[in-house]
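Participant: Sequence unavailable; structure follows:
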(Lines give C-alpha, C1' and ligand atoms only; values in the text may rest on other atoms or scores of the structure.)
Protein backbone atom coordinates (compact mmCIF):
# COMPACT_ATOMS: atom_id res chain seq x y z
CA UNK A 1 0.00 0.00 0.00
CA UNK A 2 2.80 2.40 0.98
CA UNK A 3 4.74 1.39 -2.12
CA UNK A 4 1.91 2.44 -4.37
CA UNK A 5 1.38 5.81 -2.77
CA UNK A 6 5.10 6.61 -3.08
CA UNK A 7 5.08 5.88 -6.79
CA UNK A 8 1.98 7.99 -7.27
CA UNK A 9 3.59 10.96 -5.61
CA UNK A 10 6.69 10.98 -7.79
CA UNK A 11 4.59 10.68 -10.94
CA UNK A 12 2.47 13.58 -9.84
CA UNK A 13 5.53 15.73 -9.23
CA UNK A 14 6.90 14.91 -12.64
CA UNK A 15 3.66 15.77 -14.38
CA UNK A 16 3.22 19.03 -12.48
CA UNK A 17 6.76 20.16 -13.27
CA UNK A 18 6.38 19.20 -16.91
CA UNK A 19 3.12 21.05 -17.25
CA UNK A 20 4.54 24.15 -15.62
CA UNK A 21 7.46 24.26 -18.06
CA UNK A 22 5.26 23.57 -21.02
CA UNK A 23 3.06 26.45 -19.91
CA UNK A 24 6.07 28.76 -19.61
CA UNK A 25 7.23 27.83 -23.07
CA UNK A 26 3.86 28.42 -24.68
CA UNK A 27 2.64 31.53 -22.97
CA UNK A 28 4.79 34.22 -24.67
CA UNK A 29 4.11 33.04 -28.22
CA UNK A 30 0.33 32.67 -27.94
CA UNK A 31 0.46 30.10 -30.68
CA UNK A 32 -2.15 27.79 -29.30
CA UNK A 33 -4.79 27.70 -32.00
CA UNK A 34 -7.70 28.17 -29.64
CA UNK A 35 -6.14 31.22 -28.01
CA UNK A 36 -5.06 32.83 -31.25
CA UNK A 37 -8.40 32.35 -32.91
CA UNK A 38 -10.72 33.28 -30.11
CA UNK A 39 -13.49 35.13 -31.85
CA UNK A 40 -16.18 37.05 -30.10
CA UNK A 41 -18.69 37.30 -32.95
CA UNK A 42 -21.85 35.42 -32.10
CA UNK A 43 -22.53 32.23 -33.99
CA UNK A 44 -25.12 32.81 -36.72
CA UNK A 45 -28.59 31.49 -36.12
CA UNK A 46 -30.46 29.10 -38.33
CA UNK A 47 -33.55 30.47 -40.04
CA UNK A 48 -36.77 29.65 -38.22
CA UNK A 49 -40.41 29.26 -39.07
CA UNK A 50 -41.16 32.49 -37.20
CA UNK A 51 -40.90 34.06 -40.62
CA UNK A 52 -42.39 33.14 -43.93
CA UNK A 53 -41.15 35.00 -46.93
CA UNK A 54 -43.72 35.84 -49.55
CA UNK A 55 -44.65 38.24 -52.25
CA UNK A 56 -47.68 40.02 -53.64
CA UNK A 57 -47.75 40.80 -57.34
CA UNK A 58 -50.29 43.23 -58.75
CA UNK A 59 -51.11 41.97 -62.23
CA UNK A 60 -52.91 45.19 -63.16
CA UNK A 61 -49.84 47.29 -62.53
CA UNK A 62 -47.41 44.90 -64.19
CA UNK A 63 -48.12 45.62 -67.85
CA UNK A 64 -45.50 45.02 -70.52
CA UNK A 65 -42.55 45.68 -68.25
CA UNK A 66 -39.86 43.00 -68.02
CA UNK A 67 -37.57 44.64 -65.49
CA UNK A 68 -37.87 41.69 -63.11
CA UNK A 69 -36.69 39.20 -65.73
CA UNK A 70 -33.72 41.33 -66.72
CA UNK A 71 -32.75 41.80 -63.09
CA UNK A 72 -33.07 38.09 -62.33
CA UNK A 73 -30.97 37.08 -65.32
CA UNK A 74 -28.32 39.57 -64.32
CA UNK A 75 -28.32 38.52 -60.67
CA UNK A 76 -27.83 34.84 -61.43
CA UNK A 77 -25.89 35.23 -64.66
CA UNK A 78 -28.55 33.32 -66.59
CA UNK A 79 -28.30 35.22 -69.84
CA UNK A 80 -24.98 35.99 -71.33
CA UNK A 81 -23.47 33.73 -68.70
CA UNK A 82 -20.59 31.81 -70.14
CA UNK A 83 -20.83 28.16 -70.90
CA UNK A 84 -18.49 25.89 -72.74
CA UNK A 85 -20.93 25.43 -75.60
CA UNK A 86 -22.58 28.78 -75.97
CA UNK A 87 -25.10 28.48 -73.16
CA UNK A 88 -27.57 26.49 -75.18
CA UNK A 89 -30.57 24.99 -73.46
CA UNK A 90 -33.48 22.99 -74.80
CA UNK A 91 -36.33 25.37 -75.44
CA UNK A 92 -38.68 23.33 -73.30
CA UNK A 93 -36.23 23.40 -70.42
CA UNK A 94 -34.85 26.87 -70.88
CA UNK A 95 -33.51 28.43 -67.74
CA UNK A 96 -35.91 31.04 -66.50
CA UNK A 97 -36.34 31.58 -62.81
CA UNK A 98 -39.01 34.13 -63.62
CA UNK A 99 -41.03 34.50 -66.81
CA UNK A 100 -43.99 36.51 -68.09
CA UNK A 101 -47.20 34.70 -68.93
CA UNK A 102 -49.92 36.34 -71.00
CA UNK A 103 -53.55 35.76 -70.17
CA UNK A 104 -56.25 36.57 -72.69
CA UNK A 105 -59.92 36.67 -71.94
CA UNK A 106 -61.31 35.54 -75.28
CA UNK A 107 -64.77 36.85 -74.57
CA UNK A 108 -63.79 40.40 -73.71
CA UNK A 109 -60.35 40.57 -75.29
CA UNK A 110 -58.86 41.69 -71.98
CA UNK A 111 -55.15 40.94 -71.77
CA UNK A 112 -53.07 40.40 -68.65
CA UNK A 113 -49.39 39.76 -68.38
CA UNK A 114 -48.01 38.50 -65.12
CA UNK A 115 -44.68 37.23 -63.90
CA UNK A 116 -44.55 33.59 -62.81
CA UNK A 117 -41.78 32.34 -60.59
CA UNK A 118 -41.41 29.56 -58.05
CA UNK A 119 -44.46 29.99 -55.86
CA UNK A 120 -42.66 28.85 -52.71
CA UNK A 121 -45.49 26.60 -51.60
CA UNK A 122 -46.04 25.71 -47.99
CA UNK A 123 -46.34 22.05 -49.02
CA UNK A 124 -44.28 21.90 -52.21
CA UNK A 125 -44.84 18.95 -54.57
CA UNK A 126 -41.22 19.22 -55.73
CA UNK A 127 -40.03 18.41 -52.23
CA UNK A 128 -42.47 15.50 -51.96
CA UNK A 129 -41.18 13.75 -55.05
CA UNK A 130 -37.44 14.33 -54.68
CA UNK A 131 -35.68 10.98 -54.18
CA UNK A 132 -32.51 12.45 -52.65
CA UNK A 133 -33.73 15.29 -50.46
CA UNK A 134 -32.11 17.85 -52.75
CA UNK A 135 -35.39 19.61 -53.36
CA UNK A 136 -35.98 21.35 -50.08
CA UNK A 137 -37.90 24.00 -48.23
CA UNK A 138 -36.14 26.15 -45.69
CA UNK A 139 -37.79 26.80 -42.36
CA UNK A 140 -38.61 30.34 -43.47
CA UNK A 141 -40.62 29.07 -46.45
CA UNK A 142 -38.09 29.38 -49.25
CA UNK A 143 -38.23 26.38 -51.60
CA UNK A 144 -34.98 25.68 -53.39
CA UNK A 145 -32.60 23.03 -54.69
CA UNK A 146 -29.66 21.82 -52.66
CA UNK A 147 -27.53 21.14 -55.70
CA UNK A 148 -25.00 19.16 -53.67
CA UNK A 149 -27.57 16.39 -53.44
CA UNK A 150 -29.32 16.81 -56.79
CA UNK A 151 -28.83 13.92 -59.20
CA UNK A 152 -30.69 15.60 -62.03
CA UNK A 153 -33.61 13.18 -62.25
CA UNK A 154 -36.04 16.05 -62.93
CA UNK A 155 -38.94 14.56 -60.99
CA UNK A 156 -39.42 17.95 -59.36
CA UNK A 157 -39.76 19.58 -62.76
CA UNK A 158 -42.57 17.17 -63.56
CA UNK A 159 -44.23 17.64 -60.19
CA UNK A 160 -44.22 21.44 -60.18
CA UNK A 161 -47.59 22.77 -61.36
CA UNK A 162 -46.06 26.16 -62.17
CA UNK A 163 -43.23 24.99 -64.46
CA UNK A 164 -40.92 26.90 -62.19
CA UNK A 165 -37.91 24.63 -62.46
CA UNK A 166 -35.37 24.13 -65.19
CA UNK A 167 -32.48 21.82 -65.89
CA UNK A 168 -28.90 22.77 -66.67
CA UNK A 169 -27.82 20.93 -69.80
CA UNK A 170 -24.47 22.49 -70.48
CA UNK A 171 -21.30 23.07 -68.56
CA UNK A 172 -21.22 26.46 -66.96
CA UNK A 173 -18.22 28.50 -65.90
CA UNK A 174 -17.80 31.84 -64.14
CA UNK A 175 -20.89 31.49 -62.00
CA UNK A 176 -21.77 34.08 -59.43
CA UNK A 177 -20.11 33.13 -56.15
CA UNK A 178 -23.39 33.44 -54.26
CA UNK A 179 -25.36 31.40 -56.77
CA UNK A 180 -23.56 28.23 -57.83
CA UNK A 181 -25.14 26.33 -60.72
CA UNK A 182 -23.85 23.52 -62.80
CA UNK A 183 -24.53 20.91 -65.41
CA UNK A 184 -26.79 18.03 -64.43
CA UNK A 185 -28.72 19.76 -61.70
CA UNK A 186 -32.16 21.29 -61.52
CA UNK A 187 -32.45 24.93 -60.57
CA UNK A 188 -35.15 27.44 -59.85
CA UNK A 189 -35.94 30.75 -58.23
CA UNK A 190 -34.72 30.66 -54.64
CA UNK A 191 -36.24 34.01 -53.77
CA UNK A 192 -32.70 35.43 -53.91
CA UNK A 193 -31.89 33.64 -50.68
CA UNK A 194 -28.43 35.23 -50.53
CA UNK A 195 -30.03 38.67 -50.58
CA UNK A 196 -32.84 37.83 -48.17
CA UNK A 197 -30.34 36.50 -45.62
CA UNK A 198 -28.56 39.84 -45.81
CA UNK A 199 -31.82 41.69 -45.20
CA UNK A 200 -32.15 42.83 -48.79
CA UNK A 201 -35.02 42.30 -51.21
CA UNK A 202 -34.98 39.83 -54.10
CA UNK A 203 -33.51 41.23 -57.31
CA UNK A 204 -36.83 41.15 -59.17
CA UNK A 205 -38.67 43.11 -56.49
CA UNK A 206 -35.88 45.65 -56.25
CA UNK A 207 -35.89 46.15 -60.02
CA UNK A 208 -39.69 46.31 -60.18
CA UNK A 209 -39.79 49.09 -57.63
CA UNK A 210 -36.85 50.96 -59.12
CA UNK A 211 -37.30 50.67 -62.87
CA UNK A 212 -40.60 48.86 -63.26
CA UNK A 213 -44.22 49.54 -62.43
CA UNK A 214 -43.99 48.92 -58.69
CA UNK A 215 -46.15 45.84 -58.95
CA UNK A 216 -44.25 43.64 -56.50
CA UNK A 217 -44.20 43.73 -52.71
CA UNK A 218 -41.93 41.39 -50.78
CA UNK A 219 -41.95 40.60 -47.09
CA UNK A 220 -42.71 38.39 -44.15
CA UNK A 221 -46.20 36.93 -44.38
CA UNK A 222 -46.23 36.09 -40.68
CA UNK A 223 -45.44 39.63 -39.60
CA UNK A 224 -48.68 41.63 -39.43
CA UNK A 225 -46.84 44.92 -39.87
CA UNK A 226 -44.89 44.00 -42.98
CA UNK A 227 -45.82 45.81 -46.17
CA UNK A 228 -46.92 42.62 -47.86
CA UNK A 229 -49.17 41.55 -44.97
CA UNK A 230 -50.83 44.97 -44.88
CA UNK A 231 -51.49 44.85 -48.61
CA UNK A 232 -52.86 41.32 -48.36
CA UNK A 233 -55.18 42.39 -45.57
CA UNK A 234 -56.43 45.41 -47.49
CA UNK A 235 -56.94 43.93 -50.95
CA UNK A 236 -58.32 40.70 -52.25
CA UNK A 237 -55.67 38.42 -53.65
CA UNK A 238 -55.43 34.97 -55.17
CA UNK A 239 -53.10 32.02 -55.35
CA UNK A 240 -52.36 30.38 -58.66
CA UNK A 241 -54.02 26.97 -58.76
CA UNK A 242 -55.45 27.47 -55.29
CA UNK A 243 -57.40 24.25 -55.90
CA UNK A 244 -54.20 22.28 -55.31
CA UNK A 245 -54.12 23.48 -51.73
CA UNK A 246 -50.40 24.22 -51.76
CA UNK A 247 -50.69 27.53 -49.89
CA UNK A 248 -48.28 29.44 -52.08
CA UNK A 249 -46.04 32.17 -50.76
CA UNK A 250 -46.47 34.23 -53.94
CA UNK A 251 -49.90 35.87 -54.23
CA UNK A 252 -51.46 37.80 -57.08
CA UNK A 253 -53.84 40.73 -57.28
CA UNK A 254 -56.14 41.35 -60.22
CA UNK A 255 -56.26 37.89 -61.76
CA UNK B 1 12.74 15.93 -5.58
CA UNK B 2 16.01 13.99 -5.69
CA UNK B 3 15.96 13.55 -9.45
CA UNK B 4 14.90 17.11 -10.22
CA UNK B 5 17.69 17.95 -12.77
CA UNK B 6 16.47 15.12 -14.98
CA UNK B 7 12.94 16.34 -14.50
CA UNK B 8 13.88 19.84 -15.53
CA UNK B 9 15.60 18.71 -18.70
CA UNK B 10 12.67 16.51 -19.65
CA UNK B 11 10.23 19.30 -19.00
CA UNK B 12 12.25 21.73 -21.07
CA UNK B 13 12.35 19.28 -23.96
CA UNK B 14 8.63 18.76 -23.66
CA UNK B 15 8.03 22.49 -23.73
CA UNK B 16 10.21 22.88 -26.80
CA UNK B 17 8.48 20.12 -28.68
CA UNK B 18 5.08 21.58 -27.90
CA UNK B 19 6.18 24.96 -29.10
CA UNK B 20 7.65 23.74 -32.38
CA UNK B 21 4.53 24.09 -34.56
CA UNK B 22 4.60 27.80 -33.81
CA UNK B 23 7.56 28.17 -36.12
CA UNK B 24 5.50 26.91 -39.00
CA UNK B 25 3.96 30.03 -40.47
CA UNK B 26 0.25 29.46 -41.02
CA UNK B 27 -1.16 30.11 -44.48
CA UNK B 28 2.18 29.81 -46.28
CA UNK B 29 3.29 26.82 -48.25
CA UNK B 30 6.98 26.42 -47.79
CA UNK B 31 6.99 23.98 -50.68
CA UNK B 32 5.77 26.70 -53.01
CA UNK B 33 8.97 28.64 -52.77
CA UNK B 34 10.90 25.73 -54.26
CA UNK B 35 8.51 25.15 -57.09
CA UNK B 36 9.13 26.30 -60.59
CA UNK B 37 6.47 28.79 -61.59
CA UNK B 38 4.41 27.65 -64.53
CA UNK B 39 4.97 29.88 -67.52
CA UNK B 40 3.56 30.29 -70.97
CA UNK B 41 4.61 32.60 -73.72
CA UNK B 42 2.60 35.60 -72.54
CA UNK B 43 1.92 35.14 -68.89
CA UNK B 44 3.87 34.34 -65.85
CA UNK B 45 1.84 32.70 -63.16
CA UNK B 46 2.42 34.10 -59.75
CA UNK B 47 2.76 30.87 -57.90
CA UNK B 48 1.89 32.16 -54.50
CA UNK B 49 -1.24 33.15 -52.72
CA UNK B 50 -1.51 36.85 -53.23
CA UNK B 51 -4.21 37.68 -50.73
CA UNK B 52 -4.45 37.63 -46.98
CA UNK B 53 -1.93 37.02 -44.24
CA UNK B 54 -3.12 33.91 -42.50
CA UNK B 55 -5.69 31.22 -43.03
CA UNK B 56 -8.73 30.51 -40.85
CA UNK B 57 -6.82 27.55 -39.41
CA UNK B 58 -3.18 26.68 -39.57
CA UNK B 59 -1.80 25.02 -42.67
CA UNK B 60 -1.45 21.52 -41.28
CA UNK B 61 -5.01 21.52 -39.99
CA UNK B 62 -6.35 22.87 -43.26
CA UNK B 63 -4.46 20.33 -45.36
CA UNK B 64 -5.96 17.50 -43.39
CA UNK B 65 -9.41 18.82 -42.55
CA UNK B 66 -10.47 21.44 -45.10
CA UNK B 67 -12.99 19.10 -46.68
CA UNK B 68 -14.68 18.52 -43.34
CA UNK B 69 -14.88 22.22 -42.63
CA UNK B 70 -16.30 22.90 -46.09
CA UNK B 71 -18.87 20.14 -45.79
CA UNK B 72 -19.99 21.36 -42.39
CA UNK B 73 -20.33 24.92 -43.63
CA UNK B 74 -22.17 23.81 -46.74
CA UNK B 75 -24.83 21.98 -44.75
CA UNK B 76 -25.32 24.85 -42.34
CA UNK B 77 -25.54 27.51 -45.01
CA UNK B 78 -27.54 25.73 -47.66
CA UNK B 79 -30.06 23.95 -45.52
CA UNK B 80 -30.27 25.94 -42.30
CA UNK B 81 -29.53 29.40 -43.62
CA UNK B 82 -26.72 30.08 -41.15
CA UNK B 83 -24.44 32.70 -42.58
CA UNK B 84 -21.29 33.92 -40.93
CA UNK B 85 -20.36 37.56 -41.43
CA UNK B 86 -18.35 37.89 -44.63
CA UNK B 87 -14.59 38.01 -44.18
CA UNK B 88 -14.95 38.72 -40.52
CA UNK B 89 -14.98 35.41 -38.80
CA UNK B 90 -12.41 32.73 -38.10
CA UNK B 91 -15.18 30.16 -38.33
CA UNK B 92 -16.40 31.15 -41.76
CA UNK B 93 -15.26 28.31 -44.01
CA UNK B 94 -17.15 29.37 -47.11
CA UNK B 95 -15.62 28.24 -50.39
CA UNK B 96 -15.99 31.77 -51.72
CA UNK B 97 -13.58 32.98 -49.06
CA UNK B 98 -11.05 30.26 -49.88
CA UNK B 99 -11.15 31.17 -53.54
CA UNK B 100 -10.89 34.90 -53.00
CA UNK B 101 -8.00 34.60 -50.59
CA UNK B 102 -5.96 31.83 -52.21
CA UNK B 103 -6.03 33.68 -55.49
CA UNK B 104 -3.53 32.72 -58.12
CA UNK B 105 -3.13 35.15 -60.97
CA UNK B 106 -1.34 35.32 -64.25
CA UNK B 107 0.73 38.41 -64.70
CA UNK B 108 1.64 39.58 -68.14
CA UNK B 109 0.18 42.56 -69.88
CA UNK B 110 -2.92 41.88 -67.87
CA UNK B 111 -3.60 40.36 -64.49
CA UNK B 112 -5.82 37.35 -64.98
CA UNK B 113 -7.01 35.13 -62.15
CA UNK B 114 -6.51 31.48 -63.03
CA UNK B 115 -9.37 28.98 -62.97
CA UNK B 116 -9.36 25.35 -61.84
CA UNK B 117 -8.33 24.32 -65.35
CA UNK B 118 -4.91 25.85 -64.75
CA UNK B 119 -2.44 23.56 -63.06
CA UNK B 120 -1.35 26.43 -60.85
CA UNK B 121 -4.78 26.94 -59.35
CA UNK B 122 -4.43 26.71 -55.58
CA UNK B 123 -6.57 23.57 -55.21
CA UNK B 124 -4.67 21.81 -57.98
CA UNK B 125 -1.37 21.99 -56.12
CA UNK B 126 -2.31 19.07 -53.93
CA UNK B 127 -5.29 17.60 -55.74
CA UNK B 128 -3.37 16.86 -58.92
CA UNK B 129 -0.59 15.30 -56.97
CA UNK B 130 -2.77 13.01 -54.91
CA UNK B 131 -5.20 12.44 -57.80
CA UNK B 132 -8.30 13.32 -55.84
CA UNK B 133 -10.91 14.75 -58.14
CA UNK B 134 -12.87 17.67 -56.78
CA UNK B 135 -16.46 18.27 -57.78
CA UNK B 136 -16.83 21.71 -56.22
CA UNK B 137 -16.14 23.61 -59.40
CA UNK B 138 -18.75 21.90 -61.52
CA UNK B 139 -21.12 24.38 -59.89
CA UNK B 140 -18.97 26.82 -57.94
CA UNK B 141 -16.83 29.51 -59.49
CA UNK B 142 -13.14 28.71 -59.21
CA UNK B 143 -11.90 32.22 -59.89
CA UNK B 144 -11.63 34.92 -57.27
CA UNK B 145 -14.32 37.53 -57.63
CA UNK B 146 -13.20 39.95 -54.96
CA UNK B 147 -10.73 42.74 -55.28
CA UNK B 148 -7.30 41.44 -56.23
CA UNK B 149 -4.36 43.16 -54.69
CA UNK B 150 -0.79 42.26 -55.42
CA UNK B 151 1.70 43.05 -52.72
CA UNK B 152 5.40 43.88 -52.76
CA UNK B 153 7.43 42.56 -55.67
CA UNK B 154 4.37 40.89 -57.15
CA UNK B 155 2.64 44.21 -57.65
CA UNK B 156 2.34 45.26 -61.29
CA UNK B 157 3.33 48.64 -62.62
CA UNK B 158 0.57 51.13 -62.04
CA UNK B 159 -0.14 51.88 -65.66
CA UNK B 160 -0.83 48.22 -66.35
CA UNK B 161 -4.32 48.42 -64.96
CA UNK B 162 -6.14 46.17 -67.34
CA UNK B 163 -9.69 45.55 -68.32
CA UNK B 164 -9.38 41.99 -67.05
CA UNK B 165 -8.59 43.23 -63.58
CA UNK B 166 -11.41 45.72 -63.51
CA UNK B 167 -13.71 42.98 -64.76
CA UNK B 168 -12.74 40.81 -61.86
CA UNK B 169 -13.38 43.67 -59.48
CA UNK B 170 -16.81 44.39 -60.83
CA UNK B 171 -17.93 40.82 -60.44
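Facilitator: Arrived safely. All values reported here derive from a predicted model rather than from experimental measurement.
Participant: neighbouring contacts of stretch A:61-78?
Facilitator: A:79-80, A:95-100, A:112-115, A:174-176, A:179, A:181, A:189, A:192, A:203-208, A:210-216, A:254 (CB atoms under 8 Å, 6 or more residues apart in numbering or on different chains). Using the backbone N, CA and C atoms, a C-beta is placed for each residue, glycine as well.
Participant: what's the answer for stretch A:155-166, then?
Facilitator: A:89, A:93-97, A:116-119, A:125-131, A:135, A:145, A:167, A:186-189, A:240-241, A:244, A:246.
Participant: that older thread, filter the contacts of stretch A:61-78 down to the ones near chain B?
Facilitator: Counting by CB under 8 Å from any CB of the partner chain, the subset of those that neighbours chain B consists of A:174, A:175, A:176, A:181.
Participant: and residue B:60, helix, strand or coil?
Facilitator: With DSSP: H, G, I helix; E, B strand; the rest coil as the basis, the three-state label of residue B:60 is helix.
Participant: tally of neighbours for it?
Facilitator: Summarising burial for residue B:60: neighbours were counted as other CB atoms under 10 Å in any protein chain shown, giving 11.
Participant: now it: how far from residue B:66?
Facilitator: Distance from residue B:60 to residue B:66, counting by CB to CB, to the nearest Å: 11 Å.
Participant: in chain A, which segments are predicted with low confidence?
Facilitator: Segments of chain A classed as low confidence (criterion: pLDDT under 70) are A:1-41, A:79-93.
Participant: can you list the domain ranges for it.
Facilitator: With automatic domain parsing serving as the domain definition, the record reports that chain A contains domains spanning A:2-34, A:53-253.
Participant: Let me know which of the ones you listed is tucked in deepest.
Facilitator: Each of these was scored by mean neighbour count; the highest is domain A:53-253, a mean of 18, by mean count of other CB atoms under 10 Å in any protein chain shown.
Participant: how far does that one stretch from start to finish?
Facilitator: Domain A:53-253 stretches 17 Å from its first residue to its last (CA to CA, to the nearest Å).
Participant: now that domain: how far from the chain's centre is it?
Facilitator: A distance of 10 Å separates the C-alpha centroid of domain A:53-253 from that of its chain, computed with CA atoms, centre = their mean, to the nearest Å.
Participant: And the strands in the stretch 101-250 of chain A?
Facilitator: A:111-117, A:135-137, A:143-145, A:166-167, A:186-187, A:216-220, A:250-253 (DSSP state E, counting those that start in this stretch).
Participant: possible to save the ones you listed as a markdown table with distance to residue A:42?
Facilitator: Output for the strands of the stretch 101-250 of chain A, formatted as a markdown table (distance: least, CB to CB, whole Å):
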| stretch | distance to residue A:42 |
| --- | --- |
| strand A:111-117 | 33 |
| strand A:135-137 | 26 |
| strand A:143-145 | 26 |
| strand A:166-167 | 38 |
| strand A:186-187 | 32 |
| strand A:216-220 | 22 |
| strand A:250-253 | 33 |
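Participant: In contact with the closest residue to chain B within the stretch 51-200 of chain A, which residues?
Facilitator: Residue nearest to chain B within the stretch 51-200 of chain A: residue A:182 (3.3 Å; CB to the nearest CB). Applying CB under 8 Å, 6+ apart, we find residue A:182 in contact with A:147, A:168, A:171, A:172, A:175, B:138, B:139, B:140.
Participant: hmm, back to that, tabulate the domains of chain A in JSON lines, adding columns for distance to residue B:97.
Facilitator: Converted to JSON lines, the domains of chain A look like this (distance: least, CB to CB, whole Å):
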{"stretch": "domain A:2-34", "distance to residue B:97": "18"}
{"stretch": "domain A:53-253", "distance to residue B:97": "10"}
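Participant: For residue B:59, the count of nearby residues, please.
Facilitator: 17.
Participant: Please list all residues in contact with the residue nearest to residue A:110 when sequence neighbours are not counted.
Facilitator: Residue nearest to residue A:110 in three dimensions, not counting chain neighbours: residue A:104, with 7.5 Å by CB to CB, 6 or more residues apart in numbering or on different chains. Residue A:104 makes contact with A:110, A:111, A:112 under the criterion CB under 8 Å, 6+ apart.
Participant: And the first one, how far from residue B:69?
Facilitator: When distance is defined by CB to CB, residue A:110 is 57 Å away from residue B:69.
Participant: Helices of chain A, start to end?
Facilitator: Assigned by DSSP state H, the helices in chain A fall at A:2-26, A:33-36, A:59-62, A:67-76, A:125-129, A:155-159, A:193-196, A:203-210, A:227-234.
Participant: what's the closest non-adjacent residue to the residue of the stretch 51-200 of chain A closest to chain B?
Facilitator: Counting by CB to CB, 6+ apart, residue A:182 lies nearest to residue B:139, which is 3.3 Å off, once chain neighbours are set aside.
Participant: I'd like to know how many residues surround that neighbour.
Facilitator: Counted with other CB under 10 Å, the neighbours of residue B:139 add up to 20.
Participant: got a list of what it touches?
Facilitator: Taking CB under 8 Å, 6+ apart as the contact definition, residue B:139 lies against A:147, A:172, A:175, A:180, A:181, A:182, A:185.
Participant: who's residue A:117 bridged to?
Facilitator: The residues listed as beta-bridge partners of residue A:117 by DSSP bridges are residue A:98.
Participant: residues touching the residue nearest to residue A:187 when sequence neighbours are not counted, list them.
Facilitator: Leaving aside its sequence neighbours, residue A:187 sits nearest to residue A:181 (CB to CB, 6+ apart; 5.3 Å). Remark: with contacts taken as CB under 8 Å, 6+ apart, residue A:181 is in contact with A:76, A:147, A:168, A:172, A:175, A:187, B:139.
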